[in-house]
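Visitor: Please find the sequence and the predicted model below.
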Amino acid sequence: MIRPRRMEAETESLWLATGPATTFAPLKAEVETDVAVIGAGIFGVTTALMLAREGRNVVLLEMDRVGQGVTGHTTAKISSAHGLIYTQVRSRFGREGAAVYADAQQAGLGMIAGMAAELGIECELRRRPAYTYAESAEDAQAIEQEVEAAREAGLPVSLVTDTPLPWPIAAAIRYEDQAEFQPRSFVVGLAEALVAADGRVHERTRATGVREGSPCAVETDHGAVRADHVVIATHMPFLDRAAFFARVSPERSYVIGARIANEPPAGMFLSTESPAHSVRAHPNAGGELLLVGGESHKVGQSDEVARYEALERWARERFDVTSVPYRWSSQDNMPADGIPYVGRLHPLARRLWTATGFRKWGFTNGVAAARIVADAILGLENPWASLFDANRFTPIAATPSLIRENLNVATRLVGDRARDLKPPAAESLAPGEGAIASLDGRTAAVYRTPGGALQAVSPSCTHLGCHVRFNAAERSWDCPCHGSRFATDGTVLHGPAVRDLEPVTQPQRDEDARPDSRHA
């Protein structure tokens with residue numbers, strides 16, 4: 001067999017390592033409320049706080065800890081600079097659509113800065129210029145077009161030919177007065193403000209289903225929550241009735257936090273190259289830590305260890321790196337037509353709301369989405385709602401991506417099962433390795449713990465049945481179809497799956513049978 005690669009370094013998010021701890025109690029009994037929000041990332045917590053401040057009773061449910069999911073695994077840029085987005089949006093939705101998108105992003109940036117200041121949240125927020133830069137003359141033309149589209153959309157941009165980066169560029173678009181911060185500190189501050197506004201926060205409470213009605217009923221592993229409205233803020237909506245899993249493509253990308261010999265460049269930077277790379281700095285331990293991100297790929301369809309290696313190699317080629325104390329990865333949902341989906345869960349829904357497809361820019365988009373959904377629940381008009389409508393029909397803009405991604409899913413659903421018909425023997429796995437393997441004549445997703453025990457679970461994702469693949473960098477089982485992720489013991493880490501992978505019983509081979517559920 002080809003042995004799965006192992007990564008010697010541990011993965012740990014800078015934001016989780018340095019952010020505040022939370023100990024909100026799990027739900028203990030059935031409860032009734034005006035609004036139930038499922039998911040305590042930037043979108044969920046902000047929506048909950050906005051509604052609580054308008055006098056609504058709000059219950060916020062989180063499967064893990066506040067801000068510990070995707071929000072706690074980003075590069076944490078608060079910016080309207082989203083690559084070459086304004087050229088794309090203008091071509092698909094016209095000049096007015098680009099202007100609406102730009103207004104939502106700038107407003108999201110302003111709302112985050114405003115809430116941090118008003119609530120006194122210590123989240124290391126600081127203003128920085130943001131650059132999207134091209135190193136090649138060929139890409140410089142795309143930068144010039146983006147400057148034109150962004151200016152037309154009303155953004156504070158300029159065309160420049162140099163940046164604080166320690167290498168030459170051909171051209172860049174510079175956005176003024178953008179920002180960066182410590183995201184987990186920020187969302188924990190919002191959660192505390194929610195409690196101060198008489199809202200309730202329940203961590204370690206997994207929602208498993210929602211029934212729309214009057215009231216709606218949210219099923220959890222700790223009892224039911226009855227609410228007039230339910231906001232599904234789980235990054236990927238876990239209810240399949242709206243088929244968002246078929247309208248977005250889930251991608252993973254990687255970040256390293258490195259110490260370098262010199263001062264990092266002042267600003268936030270994103271390249272136009274493929275794969276693109278992101279650069280920014282963050283204060284840490286009395287100095288500045290360089291954050292380098294990139295190496296995106298569809299979930300479960302690449303060598304994750306190789307991606308970390310490539311990212312570190314790129315950083316060392318560009319900077320004098322002395323150490324790499326932090327490594328982590330994140331997950332993003334890429335919408336078919338380039339605009340996030342925000343609003344009613346499906347066309348007939350009246351009390352179920354959601355947002356997804358933030359396209360790697362979850363902070364400005366997430367807060368803007370919170371404003372859209374909160375306004376809808378409050379019965380208010382919102383100027384961005386039409387563009388972001390979760391149930392919009394955009395066949396010209398979306399169809400090519402939808403066809404490509406769903407063909408990819410069909411190929412993985414059939415091809416991976418065929419490949420797994422003759423799996424290697426589980427006994428050949430070394431400690432720390434995982435693979436789809438044969439165990440006592442059955443095909444299973446098998447992981448050997450550092451202590452030598454074998455953990456075996458069903459290889460079929462509990463969402464729609466695709467076979468999971470082992471992620472050797474994060475030590476998780478990742479679904480290559482719709483992006484669900486599971487710990488080595490089968491516990492759900494990331495939806496749309498809500499049920500754990502079924503255990504495969506086996507003879508006990510070692511006293512060390514504790515699950516290894518570390519993940520980035």
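Guide: Looks like it came in fine.
Visitor: which residue ranges form the strands in the stretch 301-450 of the chain?
Guide: Assigned by DSSP state E, counting those that start in this stretch, the stretch 301-450 of the chain shows strands spanning 321-335, 341-344, 352-356, 434-439, 442-448.
Visitor: so for stretch 242-260, what's the average pLDDT?
Guide: Mean pLDDT, stretch 242-260: 90.
Visitor: Quick one: the strands of the stretch 301-450 of the chain as JSON lines, columns for distance to Pro459 too.
Guide: C-beta: built from backbone N, CA, C; applies to glycine. Formatted as JSON lines, these follow (distance: least, CB to CB, whole Å):
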{"stretch": "strand 321-335", "distance to Pro459": "20"}
{"stretch": "strand 341-344", "distance to Pro459": "30"}
{"stretch": "strand 352-356", "distance to Pro459": "26"}
{"stretch": "strand 434-439", "distance to Pro459": "5"}
{"stretch": "strand 442-448", "distance to Pro459": "4"}
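Visitor: Indicate which one of the ones you listed is closest to Glu176.
Guide: Distance to Glu176, taken as CB to CB, is lowest for strand 321-335 among the strands of the stretch 301-450 of the chain, at 25.6 Å.
Visitor: tell me which residues of the closest one are tucked away?
Guide: Within strand 321-335, the residues that qualify as buried are 321, 324, 326-335, counting by 16 or more other CB atoms under 10 Å.
Visitor: Helices along the stretch 251-400 of the chain, start to end?
Guide: Under the criterion DSSP state H, counting those that start in this stretch, helices of the stretch 251-400 of the chain are mapped to 304-318, 362-378, 385-388, 395-419.
Visitor: For the second one, which helices and strands make contact with it?
Guide: The elements that helix 362-378 packs onto, with contact taken as 3 or more CB pairs under 8 Å, 6 or more residues apart in numbering; DSSP states H and E, are helix 42-53, strand 77-78, helix 85-119, strand 223-232, strand 341-344, strand 352-356, helix 385-388.
Visitor: nearest to Arg259, of these?
Guide: Proximity to Arg259, assessed across the helices and strands packed on helix 362-378 by CB to CB, is greatest for strand 77-78 (20.3 Å).
Visitor: just to revisit the earlier point, Serialize the strands of the stretch 301-450 of the chain to TSV and add fields for mean pLDDT.
Guide: Output for the strands of the stretch 301-450 of the chain, formatted as TSV (pLDDT from 0 to 100):
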stretch	mean pLDDT
strand 321-335	95
strand 341-344	97
strand 352-356	97
strand 434-439	91
strand 442-448	92
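Visitor: Out of these, which gets nearest to Ser185?
Guide: Set against Ser185 and scored by CB to CB, the strands of the stretch 301-450 of the chain come closest in strand 321-335, at 15.8 Å.
Visitor: per-domain residue ranges of this protein.
Guide: For the chain, the structural domains run 15-74+184-245+338-392, 394-520, going by automatic domain parsing.
Visitor: Highest mean neighbour count out of those?
Guide: domain 15-74+184-245+338-392 (a mean of 21; mean count of other CB atoms under 10 Å).
Visitor: Please state the offset of that one from the chain centre?
Guide: Here the centre of domain 15-74+184-245+338-392 is set off from its chain's centre by 14 Å, with CA atoms, centre = their mean, to the nearest Å.
Visitor: circling back to that earlier point, quick check: which of the helices and strands packed on helix 362-378 is nearest to Ser278?
Guide: strand 77-78 (7.5 Å).
Visitor: Could I get the average pLDDT for whichever strand or helix holds Val187?
Guide: Using DSSP states H and E, Val187 falls within helix 183-196. In this model, helix 183-196 has an average pLDDT of 98.
Visitor: which residues make contact with that helix from outside it?
Guide: The contact list for helix 183-196, computed with CB atoms under 8 Å, 6 or more residues apart in numbering, reads 15-16, 19-20, 22, 24, 40-42, 45-46, 48-49, 52, 58, 60, 66-68, 71-72, 74, 76, 112, 115-116, 119, 121-125, 201, 363.
Visitor: mind redoing it with 6 Å?
Guide: 15, 19-20, 22, 42, 45, 48-49, 52, 66-67, 71-72, 76, 119, 121, 123, 201 (CB atoms under 6 Å, 6 or more residues apart in numbering).
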